[in-house]
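**Student:** Have a look at this prediction, sequence included:
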Amino acid sequence: MGEHKQRMVRGELYKDSDPELVAERRRAQSLCDEFNRTGPEETERREQVLRQLLGKLGDGSWIMPRFQCDYGYLIEIGANSFLNYDAILLDCAPITIGDDVSIGPRCQLLTALHPMADHEARRQRWESAAPIAIGDNVWFGGGVIVCPGVTVGTNTVVGAGSVVTRDLPDGVFAAGNPARVIRSL
Ligand SMILES: CC(=O)SCCNC(=O)CCNC(=O)[C@H](O)C(C)(C)COP(=O)(O)OP(=O)(O)OC[C@H]1O[C@@H](n2cnc3c(N)ncnc32)[C@H](O)[C@@H]1OP(=O)(O)O
């Protein structure tokens, strides 16, 4: 593993223009394109491509096209989970999705971060990433955005269009931008 991939995996600043990372993203993009070209009858082919692409896909889990991600192997999905249309998973750090999770259309799980106060580092395209973890039996309405480093607890529901900037505990309904806990479930 090259220096920049090691830095990415450790959550340190790295450059995504590194040739090893560029090659890995190209592979993932090709597999995403192949998945997104499949028709509704090609359920076996869809599953085969997802198993090549993802770090883990539990039994009974499925994803609707279009699906996009950066690397694929950093994504682990448990059993009986569902990602609806147009999910975007920027997996520069691990993204873990539990069992029995329902993800609405157009959700985005974004692990990538760019320097904020260090303008020169941002200009030079240094970046980093922080993991996202989604607990068992979570439901996201459509258009939820999850920011880097966030953990969402088991049995939690997030309302459509919410931006989750901080961890959410188990068993709550949260909504809004930024997402706030509205009530226990
Ligand atoms: C797997 C899939 O494909 S699912 C995809 C398709 N379905 C969806 O996207 C679901 C869309 N609906 C939602 O996301 C809703 O937020 C729900 C169903 C989760 C919850 O809605 P409700 O039952 O109406 O919530 P509830 O009555 O508890 O609302 C409590 C408060 O939160 C507010 N609220 C509810 N949802 C949201 C939201 N998405 N964003 C911001 N605020 C919200 C309500 O306005 C209310 O505020 P108020 O007390 O000031 O009036």
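**Tutor:** On my side now, so go ahead.
**Student:** what residues does this structure put near the ligand?
**Tutor:** Within the chain, the positions near the ligand by C-beta under 6 Å from any ligand atom are 82, 84, 102, 104-105, 141-142, 157, 159-162, 173, 175-176, 182. Heads up, the C-betas are built off the backbone N, CA and C, glycines and all.
**Student:** List only buried entries from the residues you listed.
**Tutor:** 82, 84, 104, 105, 141, 157, 159, 161, 162, 173, 175 (16 or more other C-beta atoms under 10 Å).
**Student:** and the residues you listed as JSON lines, adding secondary structure and distance to residue 22?
**Tutor:** Shown next, in JSON lines, are those (DSSP: H, G, I helix; E, B strand; the rest coil; distance: C-beta to C-beta, whole Å):
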{"residue": "82", "secondary structure": "strand", "distance to residue 22": "31"}
{"residue": "84", "secondary structure": "coil", "distance to residue 22": "30"}
{"residue": "104", "secondary structure": "coil", "distance to residue 22": "32"}
{"residue": "105", "secondary structure": "coil", "distance to residue 22": "30"}
{"residue": "141", "secondary structure": "coil", "distance to residue 22": "35"}
{"residue": "157", "secondary structure": "strand", "distance to residue 22": "38"}
{"residue": "159", "secondary structure": "coil", "distance to residue 22": "37"}
{"residue": "161", "secondary structure": "coil", "distance to residue 22": "33"}
{"residue": "162", "secondary structure": "coil", "distance to residue 22": "33"}
{"residue": "173", "secondary structure": "strand", "distance to residue 22": "41"}
{"residue": "175", "secondary structure": "strand", "distance to residue 22": "38"}
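**Student:** if we can go back for a sec, looking at the residues of the chain next to the ligand, which is nearest residue 111?
**Tutor:** residue 162 (17.7 Å; C-beta to C-beta).
**Student:** Thought residue 142 was touching that closest one, still the case?
**Tutor:** No: applying C-beta atoms under 8 Å, one finds residue 162 not in contact with residue 142, separated by 10.1 Å.
**Student:** for stretch 145-156, which positions count as buried?
**Tutor:** Result for stretch 145-156 [16+ other C-beta under 10 Å]: buried residues 145, 146, 147, 148, 149, 150, 151, 152, 153, 154, 156.
**Student:** Just the endpoints, please. Distance across that stretch?
**Tutor:** Stretch 145-156 stretches 15 Å from its first residue to its last (C-alpha to C-alpha, to the nearest Å).
**Student:** Distance from the chain centre to it, please.
**Tutor:** 10 Å (C-alpha atoms, centre = their mean, to the nearest Å).
**Student:** same deal with stretch 149-158?
**Tutor:** Relative to the chain's own centre, stretch 149-158 is displaced by 13 Å; criterion: C-alpha atoms, centre = their mean.
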